[in-house]
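**Q** kindly generate the corresponding structure for this input.
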Amino acid sequence: MRVDERWVVRAEDQRTLDRRAEASGIAEDALMESAGTNAATWIVDHVFPRRVAVFSGPGGNGGDALVVARRLHEAGVDVETFALAPSDRWSPAARRMADRLRAVDARPVRVLEDGTPPAAIDDADCIVDGLFGSGLSRPLDGPARRLVERLNGATARTISLDLPSGLPSDCGELLGEAVRADTTLAMAFLKPAHLLYPAAGFCGNVAVVGVDYPEATLADAAPWARVCETAGIARRLPARPPDGHKGTFGSVLVVAGSIGMTGAAILACRGALRAGAGLVRLAIPASLDPILETALPETITVPLPDTAAPGRLTPDGLDAALLDAAIDRSDVLAIGPGLSRHPASLAAAAALIDRFDGPIVVDADGVHALIDRPEALARLADRGILTPHAGEFAALADRPIPDVLADRRTAAADFAAAHRAVTVLKGRPTAIAAPDGDVFLNPTGNDALATGGSGDVLTGLIAGFLAGGVSLVDAAVAGAYIHGLAAEAYVVERAARSMIASDLLDLVPVVLKEIER
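**A** Sure thing, here's the model as predicted:
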């Protein structure tokens with residue numbers, strides 16, 4: 001596992017790693033000690049609590065919570081500890097952690113069998129939720145549900161260990177009532193629920209705390225997905241040699257826009273320029289050329305004949321000598337934003353995909369051009385990046401939209417493997433799937449991106465990075481991360497609802513500067 005990315009694992013995957021660690025001589029208690037100790041250290045360092053109420057369940061998550069209680073007590077914090085079940089229902093490891101707690105704190109662990117909320121909830125400035133972890137598979141009921149409802153009504157900052165109690169680990173669906181955490185401390189690895197909605201909305205801010213797994217335990221393991229951190233994005237960006245010139249940094253040919261949708265072409269071209277492409281050309285219906293030459297002074301326009309369908313790209317327009325020259329001089333093709341779904345435009349897009357030999361980024365109407373054209377889709381193998389939203393993906397993959405939304409990670413992974421094309425399934429989170437099975441879930445972004453044109457900017461960013469010479473996967477991962485980070489930067493001082501797509505273009509240079517420090 002690289003230090004600049006996080007793994008996302010399912011519950012059974014982590015249990016397998018636990019068993020491997022124990023088989024290698026690392027006792028269960030040692031793993032629990034490291035998890036709880038690191039969580040307590042995080043709480044002391046980031047929360048500075050004075051009075052903490054710790055709530056422990058009967059399983060491994062409860063054992064972690066008991067370690068947290070002991071470590072907080074040793075750090076001088078006033079801690080009260082509560083258990084949801086009597087000790088005869090605790091796991092053996094949890095009972096051992098309770099014995100260690102009693103050795104340093106004479107106060108008993110109070111049992112709340114009926115779920116009656118203790119007064120400590122109101123007195124505490126921090127609540128630690130260690131009731132249930134990744135093993136939960138059914139809705140909470142009875143005392144557990146009553147206690148969680150009471151925790152959700154508390155004013156203290158709530159920190160959940162590994163997962164907010166009540167959430168299933170391996171999906172974004174809700175089982176029922178669950179703790180609404182301010183912070184979730186993931187143990188060693190992220191879980192799908194930390195990233196997939198609506199469950200992710202219950203996790204608050206997610207931080208990963210270490211667990212002392214031996215390196216050999218992880219050697220042949222594979223994550224369900226990966227999440228890049230800022231350092232991982234920095235190493236994926238194209239190099240910028242100090243003696244470079246516009247040819248060094250690559251050339252992008254954008255084929256986008258139609259009558260009424262020239263804005264999509266503008267946003268995509270500017271996105272590619274903001275990503276550092278040395279030169280951007282825009283192939284556009286000739287009748288729209290005056291508009292785009294005025295709007296895009298940094299872009300070379302390639303006006304194509306459009307007498308067959310004014311304001312739209314058509315197969316007849318592809319015979320222009322200007323287009324041949326642009327194709328020959330371009331390293332990357334970005335096609336689709338605002339192209340329109342006119343049958344002639346879709347046919348022209350498919351023909352261009354067949355004609356261009358280099359890397360291609362396909363978005364929006366370009367994706368629709370691939371529907372029922374398996375030969376065009378096959379031409380993208382090993383050189384294509386598709387950037388559909390869920391509706392476009394569902395139409396292309398011939399799958400119901402609810403199925404795509406229910407498991408966007410697997411939907412993207414299956415499609416990428418089947419067609420050998422990097423698939424960027426946009427949404428929250430965006431899933432970037434490589435043909436070799438690697439999947440990245442993008443951790444950045446917010447609802448500010450829910451505005452027309454934001455996807456066109458993303459297309460341009462990916463194409464611009466790709467032109468700089470990085471791999472298909474690196475361009476897609478970096479583009480999605482920086483796109484989302486720009487939206488996060490926008491809401492620091494402004495309302496998310498007010499953002500428009502061109503605001504992203506102004507903020508990309510700001511976030512790139514931070515990443516490249």
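**Q** quick one: the strands in the stretch 151-300 of the chain, in order.
**A** Counting by DSSP state E, counting those that start in this stretch, the segments of the stretch 151-300 of the chain that form strands are 157-161, 183-187, 205-209, 225-228, 251-255, 279-285, 300-304.
**Q** so which of those strands is the most surrounded?
**A** Ranked by mean neighbour count, those are led by strand 251-255 with a mean of 29 (mean count of other C-beta atoms under 10 Å). (C-beta placed from N, C-alpha, C; glycine too.)
**Q** where in the stretch 1-150 of the chain is pLDDT low?
**A** 1-3, 115 (pLDDT under 70).
**Q** 50 instead, please
**A** Counting by pLDDT under 50, the stretch 1-150 of the chain contains no low-confidence range.
**Q** the helices in it, which residues?
**A** Ranges of helices in the stretch 1-150 of the chain, per DSSP state H, counting those that start in this stretch, are 11-23, 28-47, 60-74, 92-104, 120-123, 142-152.
**Q** kindly report the same for the stretch 401-517 of the chain.
**A** 401-406, 408-419, 454-467, 472-490, 501-515.
**Q** and the ones you listed: which comes nearest Ala186?
**A** Nearest of those to Ala186, taken as C-beta to C-beta: helix 408-419 at 17.0 Å.
**Q** using CSV, list the CA coordinates for stretch 52-68.
**A** Extracted in CSV, the C-alpha atoms of stretch 52-68 (Å, rounded to 0.1, in the frame of the first residue of the first chain):
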residue,chain,number,x,y,z
VAL,A,52,-15.8,12.0,27.7
ALA,A,53,-18.6,9.4,27.7
VAL,A,54,-17.5,6.1,26.0
PHE,A,55,-20.1,3.6,24.8
SER,A,56,-19.0,0.1,24.3
GLY,A,57,-20.7,-2.8,22.4
PRO,A,58,-20.2,-6.5,22.9
GLY,A,59,-17.8,-7.2,20.0
GLY,A,60,-14.5,-6.0,18.7
ASN,A,61,-15.6,-2.5,18.2
GLY,A,62,-16.6,-2.4,21.9
GLY,A,63,-13.1,-3.7,22.8
ASP,A,64,-11.6,-0.9,20.8
ALA,A,65,-13.8,1.5,22.8
LEU,A,66,-12.6,0.1,26.1
VAL,A,67,-9.0,0.7,25.0
VAL,A,68,-9.9,4.3,24.1
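**Q** how far away from the center of its chain is that stretch?
**A** 29 Å (C-alpha atoms, centre = their mean, to the nearest Å).
**Q** same deal with stretch 368-375?
**A** With C-alpha atoms, centre = their mean, you get 28 Å for stretch 368-375.
**Q** mind giving me the domain split of the protein?
**A** By the assignment in automatic domain parsing, the chain contains the domains 5-227, 249-515.
**Q** return the most buried member of those.
**A** The stretch of the domains of the chain with the highest mean neighbour count (mean count of other C-beta under 10 Å) is domain 249-515, at a mean of 21.
**Q** what average pLDDT does that domain get?
**A** For domain 249-515, the mean pLDDT works out to 97.
**Q** of all the helices of the stretch 401-517 of the chain, which one is nearest Gly445?
**A** Across the helices of the stretch 401-517 of the chain, closest to Gly445 is helix 472-490 (C-beta to C-beta), at 3.1 Å.
**Q** could you check the angle that closest one makes with helix 454-467?
**A** 130 degrees (axes from the mean of the first three to the mean of the last three C-alpha atoms, to 10 degrees).
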